[in-house]
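Chemist: build me a model:
(2 chains)
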2 protein chains.
Amino acid sequence: MSTDAFTDRLERARTAARGLATATTGQKNAALAAIADAIEAGIPQVVEANRLDLERGRESGLEEGLLDRLLLDDSRLRGLAAAVRDVISLADPIGEVVRGSTMANGMQITQVRVPFGVIGAIYEARPNVTVDIASLALKSGNGVVLRGGTAAEQSNRVLVQLIQRAVTGVGLDGEAVQTIDEFGRDGANRLMRARGYIDVLIPRGSANLISTVVRESTVPVIETGSGIVHVFVDASADEEKAAAIVRNAKTHRPSVCNAAETLLVHRECADRLLPRLAADLIDAGVLLHGDERTRELAEGILAADDETWATEHLALEMGVKVVDSLDEALAHIERFSTRHTESIVTENYDNAQRFLAEVDSAVVMVNASTRFTDGGEFGFGAEVGISTQKLHARGPMGLAELTSTKWLVRGSGQIR
Amino acid sequence: MSTDAFTDRLERARTAARGLATATTGQKNAALAAIADAIEAGIPQVVEANRLDLERGRESGLEEGLLDRLLLDDSRLRGLAAAVRDVISLADPIGEVVRGSTMANGMQITQVRVPFGVIGAIYEARPNVTVDIASLALKSGNGVVLRGGTAAEQSNRVLVQLIQRAVTGVGLDGEAVQTIDEFGRDGANRLMRARGYIDVLIPRGSANLISTVVRESTVPVIETGSGIVHVFVDASADEEKAAAIVRNAKTHRPSVCNAAETLLVHRECADRLLPRLAADLIDAGVLLHGDERTRELAEGILAADDETWATEHLALEMGVKVVDSLDEALAHIERFSTRHTESIVTENYDNAQRFLAEVDSAVVMVNASTRFTDGGEFGFGAEVGISTQKLHARGPMGLAELTSTKWLVRGSGQIR
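Modeler: Here you go, the predicted structure:
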């Protein structure tokens, strides 16, 4: 593909986004309704395109988990259409007055929420993300340039066509949604350097993908995802709460970033709780890697090694360690956490307060499963991703996190 | 310098910052008071160190403007100490509850303001910035690693020593403030790649410095500064307001980023207003570069060229252009603005509303001087810089913009 075709695509997104920035909520909701209808009406087309991606994936030896992520069938597509309709009911963040005041000289200053402009998204082999991100971007008045990976190229192409036509059909500019999959890896590289075209880049996927984008991008990035998540069972922990939280945090959905990867147990409750916690996990099919003290207290646990505490398993596998104190737990977390989510199970008020204050993670919990770190669970109604950086957004991101602000100053001739 | 000395400095800042994050407002204010006192008591020392920097600057042929920026004398240092005392009176942003709610399952979620951790600052030949940034960082609970440039190395070294001792003297860890000037350009390069040590990097200085940092840094950057700022005098503009605003925006302090660089005049008021606006500016010593229609209406104006509209003069120099319509003004701004500040002078309500809605800049004004884009003027009480990016902070930054947030979740055994 020529340089010009790529730039042309970014320019079209930019121009279309300018119109979208001043579209009314009603217009944007009409576009979303049209997208949902178009996806349902287009199921045969999408399934056919998806079949080609799956075939190619099987030929090139994609593993079963990735093929499953890639799959779009009738029921998943109806689910996607329903998710788009859910976005209609979310409050439109654009135009919200964040703060403001009248200055001593009579000037009125108002900070209002505005779209970023054009969002770039880089993700892997998940065509559902194409629809998710496009609908959230549209609702927040943003254009979006999608790089969904060559493995899902056919599916993404058809989905983006359906979206573009639906948006254009209600009188907005459908070019606000663009895919650049056909430009391959070169397209991804150029997207990361498209300052002036792309206002913010959101990578979603493996730790490897995310760290590449963070390293290579000159466009501002919102880092999402990777989670070496800890549950610390304190000396005073209630047995039933600890058992429920540990099991839920590890096994409810082990493949996602808010699943727990390391269990820390205070030595003063290890005798009392560790045998049951370990047996429950093993019952649920979890492979445990324990330190020496853990292995003295429970059966069927592999020896942990240096890698254990630094590994995001994303599977039914977990590290277990006995610690001498809250301080040791905090130090372990400080060292190994990816600053996503950590939870303490305790009945001690002071320890709960210390844990909340001292753990430097996006979400810090007392007596709750780490699985609650999620936009939907936090009441944002949408899953844009979970930011693990400190700039702009931290933790679960909703529509407001896809916006910027600007200051309006209304004067009557004021000068300094 | 060895690799280890550099990393050691970052590690010390990081460790000290951890303590600062949970310091009380009273402790932080005591540290600020001690810093102000130390600067006043240390005036002879700082002036002597500054003399060495100035001598070296003169020898290496620094221009007069830069030497002036570099200069610290008794009165400037007393001014700096006073500025530090002003920071004491600012509200402490740390611990502020931003939002929160109780979920259906009884879990309480609360988003609270926390420090970033360690801020990196890269700037040039302005030792006053050393004190400014250090005091703002301390008040917001952050450590800070300062790279102020070799031209101000001696001054910065003494100032940082005074600050460190003052902070340690009140029982906090003075190592939270570090300078890396002696590591030279290599130190700056390493600072830009110090992920895990530095949470956010703020470049302050020339457009060139800022674009280098944006390009090279893998640490998240807050881009500040460069301003190709426009004033658009609309057809209905009031003569006195237009004259006052244009003159103030250009001449009040031409060397700063919120000074106007381009004057756009609607053709329907050009006959009526342009001759006076131009004469006023020329009277004030401004060198004007005009398009053809401007030069037909006023004397003593050089011909504008292609560079005129894309130049940030930062001096008594300005481009002037007659436009046919509000649309043409908006298109010119869209093309040439650096998205810092633009102002319309108009008596027409609809045009004011359109300008506010459609100009995509950090600050958009009606009938006010662009010089008001300033943290102090916006009532933030502090000048951290003016962000021209859309991520995290946009426009004048106050203490809150030097913070991140985290979510606290208080449960009673909830699982999904």
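Chemist: can you give me the strands in the stretch 1-150 of chain A?
Modeler: Assigned by DSSP state E, counting those that start in this stretch, the strands in the stretch 1-150 of chain A fall at A:97-102, A:108-115, A:118-123, A:143-147.
Chemist: and the closest residue to chain B within the stretch 251-400 of chain A, backbone torsions?
Modeler: At 3.0 Å from chain B, residue A:368 is the closest residue in the stretch 251-400 of chain A, using CB to the nearest CB. Quick note: C-beta positions are derived from backbone N, CA and C, even for glycine. When read as degrees, to the nearest 10, the backbone of residue A:368 gives phi -150, psi 150.
Chemist: per-residue pLDDT, it?
Modeler: If you check residue A:368, the pLDDT there is 98.
Chemist: quick check: closest non-adjacent residue to it.
Modeler: residue B:411 (3.0 Å; CB to CB, 6 or more residues apart in numbering or on different chains).
Chemist: ok, now residue A:35?
Modeler: Nearest to residue A:35 is residue A:166, by CB to CB, 6+ apart, at 4.5 Å.
Chemist: just residue A:133 next, same as before
Modeler: residue A:121 (4.8 Å).
Chemist: local confidence estimate at the one you found?
Modeler: 96.
Chemist: which strand residues bridge residue A:409?
Modeler: residue A:109, residue B:365 (DSSP bridges).
Chemist: pretty sure it contacts residue B:363?
Modeler: Yes - at 6.1 Å, residue A:409 counts as touching residue B:363 under the criterion of CB atoms under 8 Å.
Chemist: spit out the residues that contact these two alike.
Modeler: Counting by CB atoms under 8 Å, 6 or more residues apart in numbering or on different chains, the shared contacts of residue A:409 and residue B:363 are residue B:372.
Chemist: for the residue nearest to residue A:133, list each beta-bridge partner.
Modeler: Bridge pairing for residue A:121 - DSSP bridges - gives residue A:146, residue A:202.
Chemist: residues in contact with residue A:113?
Modeler: Taking CB under 8 Å, 6+ apart as the test, what residue A:113 contacts is A:93-96, A:98, A:400, A:403-405.
Chemist: 10 Å instead, please
Modeler: A:92-98, A:140-141, A:399-400, A:403-406 (CB atoms under 10 Å, 6 or more residues apart in numbering or on different chains).
Chemist: just give me the neighbour total for the residue in the stretch 1-150 of chain A that chain B sits nearest to.
Modeler: Chain B sits closest to residue A:116 of the stretch 1-150 of chain A, with a gap of 5.3 Å, by CB to the nearest CB. Using other CB atoms under 10 Å in any protein chain shown, residue A:116 has 23 other residues around it.
Chemist: mind listing what the closest residue to it other than its chain neighbours touches?
Modeler: Nearest residue to residue A:116 in three dimensions, chain neighbours excluded: residue A:199, at 4.1 Å (CB to CB, 6+ apart). The neighbourhood of residue A:199, defined by CB under 10 Å, 6+ apart, consists of A:14, A:17, A:115-120, A:142-143, A:219-220, A:404, B:360, B:389-391.
Chemist: give me that answer again for 7 Å
Modeler: Residues near residue A:199 by CB atoms under 7 Å, 6 or more residues apart in numbering or on different chains: A:116-119, B:390.
Chemist: look up phi and psi at it.
Modeler: phi -90, psi -30.
Chemist: quick one: it and residue B:26, what's the gap?
Modeler: Distance of residue A:199 to residue B:26, given as CB to CB, to the nearest Å: 40 Å.
Chemist: what do you get for residue A:113?
Modeler: Residue A:113 is 35 Å from residue B:26, by CB to CB.
Chemist: how about the residues of the stretch 101-250 of chain A near chain B?
Modeler: Counting by CB under 7 Å from any CB of the partner chain, the residues of the stretch 101-250 of chain A close to chain B are A:101, A:103, A:107, A:109, A:116, A:199-200, A:214-215, A:218, A:220, A:241, A:244-245, A:248.
Chemist: just the buried members of the residues you listed?
Modeler: Among those, the ones that count as buried by 16 or more other CB atoms under 10 Å in any protein chain shown are A:103, A:107, A:109, A:116, A:199-200, A:214, A:218, A:220, A:241, A:244-245, A:248.
Chemist: now the two most distant members of those residues.
Modeler: Maximum pairwise distance in those, criterion CB to CB, is 55.9 Å, between A:107 and A:244.
Chemist: can I have the buried ones of the contacts of residue A:113 as a ChimeraX selection?
Modeler: Buried members of the contacts of residue A:113, identified by 16+ other CB under 10 Å, are gathered into one ChimeraX selection as follows:
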select /A:92,93,94,140,141,399,400,403,404,405,406
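Chemist: low-confidence ranges in chain A?
Modeler: A:1-3, A:382 (pLDDT under 70).
Chemist: helices or strands next to the top helix by length along it in the packing?
Modeler: Identified as the longest helix of chain A according to DSSP state H is helix A:3-21. Under the contact criterion of 3 or more CB pairs under 7 Å, 6 or more residues apart in numbering or on different chains; DSSP states H and E, helix A:3-21 touches strand A:108-115, strand A:118-123, strand A:143-147, strand A:177-179.
Chemist: okay, the angle between it and strand A:143-147?
Modeler: Calculated by axes from the mean of the first three to the mean of the last three CA atoms, to 10 degrees, helix A:3-21 forms an angle of 140 degrees with strand A:143-147.
Chemist: next, the angle strand A:108-115 makes with helix A:3-21.
Modeler: Angle, helix A:3-21 to strand A:108-115, by the same axes, to 10 degrees: 130 degrees.
Chemist: list the buried residues in helix A:3-21.
Modeler: So for helix A:3-21, counting by 16+ other CB under 10 Å, buried means A:6, A:9-10, A:12-14, A:16-21.
Chemist: distance between it and the chain's centre?
Modeler: Here the centre of helix A:3-21 is set off from its chain's centre by 25 Å, with CA atoms, centre = their mean, to the nearest Å.
Chemist: ditto for stretch A:117-132
Modeler: Worked out by CA atoms, centre = their mean, stretch A:117-132 lies 11 Å from the chain centre.
Chemist: please apply the same query to stretch A:290-301.
Modeler: Offset of stretch A:290-301 from its chain centre (CA atoms, centre = their mean): 34 Å.
Chemist: same question, stretch A:146-156
Modeler: That offset, for stretch A:146-156, works out to 18 Å (CA atoms, centre = their mean).
Chemist: stretch A:125-141 too?
Modeler: Distance of stretch A:125-141 from the chain centroid (CA atoms, centre = their mean) equals 12 Å.
Chemist: okay, that stretch in CSV with CA atoms only?
Modeler: C-alpha atoms of stretch A:125-141 as CSV (Å, rounded to 0.1, in the frame of the first residue of the first chain):
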residue,chain,number,x,y,z
ALA,A,125,-7.5,-11.1,17.1
ARG,A,126,-10.7,-9.9,18.9
PRO,A,127,-13.2,-8.6,16.4
ASN,A,128,-15.7,-7.9,19.1
VAL,A,129,-13.3,-5.1,20.3
THR,A,130,-13.8,-3.4,16.9
VAL,A,131,-17.5,-2.9,17.6
ASP,A,132,-17.0,-2.1,21.3
ILE,A,133,-14.4,0.6,20.8
ALA,A,134,-16.2,2.1,17.7
SER,A,135,-19.4,2.5,19.6
LEU,A,136,-17.8,4.0,22.7
ALA,A,137,-15.7,6.4,20.5
LEU,A,138,-18.8,7.5,18.6
LYS,A,139,-20.8,8.1,21.8
SER,A,140,-18.0,10.2,23.1
GLY,A,141,-17.8,12.2,19.9
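Chemist: cool, thanks, signing off.
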